[in-house]
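*Asks:* Next comes the sequence, and after it the predicted model I'd like to discuss.
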Amino acid sequence: MAEPILTVEHLVKGYGENTVLDDVSFSVRPGEVVVVVGPSGCGKSTLLRCINALEPTQSGRVRLGNETVAYGGKGLTSLRQRIGMVFQSYELFPHLTVLDNVMLAPLKVAKRPKDEVQKEAEALLDRVNLLNKARSYPRELSGGQKQRVAIVRALAMHPEILLFDEVTAALDPEMVREVLDVMLDLAKQGRTMIIVTHEMQFARAIADRVIFLDGGKIVEESTPEAFFDHPKTERAQKFLRTFTFDSVK
């Protein structure tokens, strides 16, 4: 069995007296899709931000391969290039075209040749049916299109692992499907991903493993079949009852 690509060890994160993550530990293997679910405010988004060292932690460690990813730590810029993150709010530069948004980091951070970067950026946009929007600006796009551009921008840096933070939460229902389809396609390609989502049917379809977080702790961790059909804990059972699934007991 392959060694983990990412390891989270005893992570503790708090804001003042409020502990948001409480001794969280898990690992992710290459090609694995881990979906993190749980009620609002349970620490899901904070967990992703700590993994990418966007937030300082009180204790614990995040390792990418054999290297430690730490807020303000050594080599953080190069480590972050290996971790792609897609946010709920798109975070596109409004003054740049779609193509320039995608090309910016590979050119400025990775220092790759422009011709090579543009060719790859156009191929990635084509893959998500947005090549015809390459010269458009973010304000001219729908929410679903913006989120697909954000995913392409992350892919353009050739990350070893992708983090998705509630990427459909701000979208109208009819736009959700187009974004989820792109993510399902990435899973089929064998991409390593950690996905925070409230889309339970999507979670069941895409996950290799489900982590249920509540109160900053991992309450349950299992296969999607086991979690959705036979949740072990009363807390997980109560959480799943708030959703409508034919398969959830």
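*Replies:* All right, it came through fine.
*Asks:* looking at the protein, which residue lies furthest from center?
*Replies:* Asp115 (28.6 Å; CA atoms, centre = their mean).
*Asks:* For that one, give its distance to Leu107.
*Replies:* 11 Å (CB to CB, to the nearest Å). For glycine as for every other residue, the C-beta is placed from the backbone atoms N, C-alpha and C.
*Asks:* now do Gly41
*Replies:* In terms of CB to CB, Gly41 sits 38 Å off from Leu107.
*Asks:* Could you check which of those two is surrounded by more residues?
*Replies:* Leu107 (18 against 12; other CB atoms under 10 Å).
*Asks:* Counting by contacts, list what the one helix or strand that one maps to packs against.
*Replies:* Assigned by DSSP states H and E, Leu107 belongs to helix 98-108. Here helix 98-108 touches helix 114-127, helix 143-155, going by 3 or more CB pairs under 8 Å, 6 or more residues apart in numbering; DSSP states H and E.
*Asks:* For it, which outside residues touch it?
*Replies:* The set of residues external to helix 98-108 that reach it, using CB atoms under 8 Å, 6 or more residues apart in numbering, is 81, 92-93, 96, 112, 114, 117-118, 120-122, 124-125, 130, 133-138, 141, 149, 152-153, 156-157.
*Asks:* can you pull the contacts of the residue nearest to Thr46 when sequence neighbours are not counted?
*Replies:* The shortest distance from Thr46 to any non-neighbouring residue, by CB to CB, 6 or more residues apart in numbering, is to Val20 (4.9 Å). Residues in contact with Val20, defined by CB under 8 Å, 6+ apart, are Lys13, Gly14, Gly43, Thr46, Gly216.
*Asks:* which among those residues end up buried?
*Replies:* Lys13, Gly43, Thr46, Gly216 (16 or more other CB atoms under 10 Å).
*Asks:* Quick check: what element follows the helix or strand containing Val62 along the chain?
*Replies:* If you go by DSSP H and E, Val62 is part of strand 59-64. Using DSSP H and E, the helix or strand that directly follows strand 59-64 along the chain is strand 67-68.
*Asks:* check contacts around Thr46.
*Replies:* Lys13, Val20, Leu21, Glu55.
*Asks:* Now tabulate those in a markdown table and tack on pLDDT and secondary structure.
*Replies:* Formatted as a markdown table, those follow (pLDDT from 0 to 100; DSSP: H, G, I helix; E, B strand; the rest coil):
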| residue | pLDDT | secondary structure |
| --- | --- | --- |
| Lys13 | 98 | strand |
| Val20 | 97 | strand |
| Leu21 | 98 | strand |
| Glu55 | 94 | coil |
